[in-house]
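Novice: missing the sequence, but the structure's below:
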Ligand SMILES: [Mn+2]
């Protein structure tokens with residue numbers, strides 16, 4: 001279907017620069033024969049004539065359903081529209097209008113687009129991209145002469161840090177040998193280790209002294225002040241945590257409003273037009289997903305845009321394997337036991353899985369149990385390597401899971417989380433009294449219900 005572009009002078013032609021819109025080349029309708037000739041000389045289609053007269057529209061419309069874009073001063077619009085409508089009553093019409101408020105009395109089927117939309121939707125993002133390109137260029141120039149670059153992450157790197165480090169290395173066109181990704185700590189969380197394994201990412205565990213071997217040090221998803229080790233000065237900091245005022249970095253980009261550092265790096269790669277391979281896209285997408293709980297927590301517009309771009313580039317099979325680790329068959333027996341012994345008290349589903357080797361299973365089971373009809377909270381506990389792990393989920397419109405878990409278990413060990421998910425990890429030696437599977441189960445229930453403000457009575461106990 002061909003588009004009709006209607007404007008007395010060559011404004012639309014200059015603005016659109018020969019845009020094609022659809023398979024059929026567009027047709028320009030202008031008032032001035034000289035403008036028509038100029039457009040035609042450049043190989044585009046144009047008609048000229050009186051734009052207030054139906055005659056020109058009779059020549060232009062083939063079906064009467066062609067979309068028309070119209071640009072004219074407000075006072076001239078009604079006549080032009082009337083002439084157009086007399087020929088094509090059904091044509092969708094878009095009016096590009098100047099700064100004046102929307103003209104009144106426009107007939108039905110007419111949509112308006114303010115000229116300022118070009119500024120906001122086209123020019124401004126491009127200016128931002130140009131600024132980002134400049135920033136990327138400065139970073140590249142600074143790192144260019146270095147023989148060895150160190151990319152540092154926090155002590156127990158999370159997916160956002162790992163993905164950001166990988167992206168920075170790609171941005172600097174370096175490899176593992178010339179720019180290792182490192183931490184002073186170690187990756188502890190199983191899903192983060194799975195991420196590195198599936199995406200083939202090597203993270204080096206180094207000592208503070210090893211930093212002397214590098215010509216340049218960059219830091220992602222962290223700032224020098226977050227470390228126990230002292231940094232004289234680092235070359236680059238890219239982060240989204242609140243800024244530590246003492247940051248000493250030659251170059252820094254700290255954006256606390258962003259949900260993930262991976263979003264900043266995705267913007268860099270796009271601005272610099274670096275191809276994002278599948279492995280890197282999957283890492284960055286997972287980085288954003290895990291830091292923002294799939295955009296549910298502190299995800300901004302920027303995070304969503306990066307997410308959308310990465311979503312089409314990522315390998316979703318790898319992502320699924322990282323996010324949903326395989327369940328060993330023996331674990332099914334643990335689950336079966338837990339399901340059979342579940343207790344539901346006032347919408348809270350409790351299940352204690354006892355001593356078991358699969359720490360991942362506890363949060364997975366907590367997710368599953370929240371789907372049970374009538375359940376608003378799921379509280380799943382298990383004992384792994386001498387520690388009680390408690391995973392809590394809720395439906396989101398009740399008390400904050402993080403606060404309740406802190407109130408219930410904060411005096412015994414690490415406890416905390418967010419609105420809808422939280423966890424506690426408690427060394428068994430911290431439980432008062434004799435520790436048996438049964439006592440952990442009962443203590444979890446009692447403490448949790450008390451933190452919710454309920455005192456469990458026998459009448460509340462029901463087998464779900
Ligand atoms: Mn982060």
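Specialist: In hand now; what should we look at? All figures in this text were calculated on a predicted structure; none of them were measured in a lab.

Novice: from here on, contacts and neighbour counts on C-alpha atoms
Specialist: Noted.

Novice: Contact residues of the stretch 101-250 of the chain facing the ion?
Specialist: Contact residues (Cα under 5 Å from the ion) of the stretch 101-250 of the chain with the ion: residue 160.

Novice: just the helices in the stretch 101-250 of the chain please.
Specialist: Assigned by DSSP state H, counting those that start in this stretch, the helices in the stretch 101-250 of the chain fall at 116-117, 124-143, 159-171, 190-198.

Novice: One more: the stretch 351-464 of the chain?
Specialist: 361-369, 401-409, 437-451.

Novice: and of those, who's closest to residue 253?
Specialist: helix 401-409 (30.0 Å; Cα to Cα).

Novice: now what about the closest one, what contacts it?
Specialist: For helix 401-409, contacts defined as Cα atoms under 8 Å, 6 or more residues apart in numbering pick out 392-394, 415-424, 447-448, 450-452.

Novice: hmm, back to that, hey, which of the helices of the stretch 101-250 of the chain is tucked in deepest?
Specialist: Among these, helix 159-171 has the highest mean neighbour count (mean count of other Cα atoms under 10 Å), at a mean of 26.

Novice: coming back round to it: now the buried members of the contacts of helix 401-409.
Specialist: 392-394, 415-424, 447-448, 451 (16 or more other Cα atoms under 10 Å).

Novice: about what we covered before: dump the helices of the stretch 351-464 of the chain into JSON lines; add distance to residue 327 and mean pLDDT as well.
Specialist: Output for the helices of the stretch 351-464 of the chain, formatted as JSON lines (distance: least, Cα to Cα, whole Å; pLDDT from 0 to 100):
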{"stretch": "helix 361-369", "distance to residue 327": "8", "mean pLDDT": "91"}
{"stretch": "helix 401-409", "distance to residue 327": "26", "mean pLDDT": "95"}
{"stretch": "helix 437-451", "distance to residue 327": "23", "mean pLDDT": "88"}
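
Novice: now the residue in the stretch 251-400 of the chain that the ion sits nearest to: how far from residue 159?
Specialist: For the stretch 251-400 of the chain, the residue closest to the ion is residue 260, as judged by Cα to the ion, at 4.7 Å. According to Cα to Cα, to the nearest Å, residue 260 and residue 159 sit 10 Å apart.

Novice: intersection of neighbour lists for those two?
Specialist: Counting by Cα under 8 Å, 6+ apart, the common neighbours of residue 260 and residue 159 are 287, 291.

Novice: Centroid-wise, who is the farthest residue in the chain?
Specialist: Ranked by distance from the centre of the chain (Cα atoms, centre = their mean), the top residue is residue 55, with 52.4 Å.

Novice: can you tell me which of the helices of the stretch 351-464 of the chain comes nearest to the ion?
Specialist: helix 401-409 (18.8 Å).

Novice: So what's the gap between the closest one and the chain middle?
Specialist: Centroid displacement of helix 401-409 relative to its chain, using Cα atoms, centre = their mean, to the nearest Å, is 27 Å.

Novice: and residue 95, what does it touch?
Specialist: Going by Cα under 8 Å, 6+ apart, residue 95 touches 69-71, 110-113.

Novice: per-residue pLDDT, it?
Specialist: Per-residue pLDDT puts residue 95 at 92.

Novice: all strands for the stretch 1-150 of the chain, in order.
Specialist: With DSSP state E, counting those that start in this stretch, the ranges of strands along the stretch 1-150 of the chain come out as 4-7, 27-30, 45-48, 68-71, 93-97, 110-114, 149-152.

Novice: who does the fifth one pair up with?
Specialist: Pairing partners of strand 93-97, with direction, according to DSSP bridges: strand 68-71 (parallel), strand 110-114 (parallel).

Novice: So what's the residue count around residue 41?
Specialist: Neighbour count for residue 41, taken as other Cα atoms under 10 Å: 10.

Novice: Now do the contacts for residue 418.
Specialist: Contacts for residue 418 (Cα under 8 Å, 6+ apart) come out as 400-403.

Novice: Need the contact partners of stretch 259-277.
Specialist: 129-130, 132-133, 136, 160-161, 163-164, 167-168, 171, 220-221, 238-240, 258, 284-285, 287-288, 291-292, 295, 297-300, 302-303, 306-307, 313.

Novice: Next one: the closest residue to residue 398 other than its chain neighbours from residue 400, what distance?
Specialist: Spatial nearest neighbour of residue 398, excluding adjacent residues (Cα to Cα, 6 or more residues apart in numbering): residue 376 at 7.9 Å. According to Cα to Cα, residue 376 and residue 400 sit 12 Å apart.

Novice: if we can go back for a sec, how about the contacts of residue 95 in CSV, adding pLDDT and neighbour count?
Specialist: Formatted as CSV, the contacts of residue 95 follow (pLDDT from 0 to 100; neighbours: other Cα atoms under 10 Å):
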residue, pLDDT, neighbour count
69, 95, 20
70, 95, 21
71, 93, 22
110, 88, 13
111, 89, 13
112, 88, 15
113, 89, 15
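
Novice: Return the nearest residue of the stretch 51-200 of the chain with respect to the ion.
Specialist: For the stretch 51-200 of the chain, Cα to the ion, closest residue to the ion: residue 160, 4.9 Å.

Novice: I figured that residue was touching residue 282, is that so?
Specialist: No. If you go by Cα atoms under 8 Å, residue 160 and residue 282 don't touch, sitting 11.3 Å apart.

Novice: For burial, what's the neighbour tally of residue 56?
Specialist: Residue 56: 20 surrounding residues under other Cα under 10 Å.

Novice: Centre-most residue in the protein?
Specialist: Residue closest to the average C-alpha location in the chain (Cα atoms, centre = their mean): residue 303, at 3.7 Å.
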